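Q: what's the 3D shape of this:
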Amino acid sequence: MKNSLKTNLISKLKLINVFLIVFGFNLIDIESKAHLRGNYLTESEAKEKAKKLGCSGTFKLKEMWMPCHSEKELHKYLRKK
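A: Numbering: from 1, shown residues only. As a prediction, the model looks like this:
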């Protein structure tokens, strides 16, 4: 009995996943688009964006510069806009 419930649940989750991908609700893509709003090639560009957002400082995430002194602060300011 437990095995059939597990199989049924897995098949439903796969169906939901296919639905989300087909209709453009890919959550990973949404997250990456949000980050694109804060990525800059140079530190000076990130500082300029920080001024516009109302925060200060910059930080580096992988190869990109981001405004505000931390990712947590950046997300706070991006939610305001």
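
Q: Low-confidence bits of this structure, can you list those?
A: By pLDDT under 70, the weakly predicted segments of the chain are 1-3, 5-6, 9, 13, 17-37, 81.

Q: Okay, helices next: where are they in it?
A: Applying DSSP state H to the chain gives helices spanning 2-22, 27-36, 43-53, 71-80.

Q: how's this structure carved up into domains?
A: 1-34, 37-81 (automatic domain parsing).

Q: If you count neighbours, what's buried in stretch 48-65?
A: Residues of stretch 48-65 classed as buried: 49-50, 53, 55, 58-59, 64-65 (neighbour count, 16 or more other Cβ atoms under 10 Å). The way it works is simple: take the backbone N, C-alpha and C, and place the C-beta from them, glycine included.

Q: neighbouring contacts of that stretch?
A: 38-43, 45-47, 66-71, 73-74, 77-78, 80-81 (Cβ atoms under 8 Å, 6 or more residues apart in numbering).
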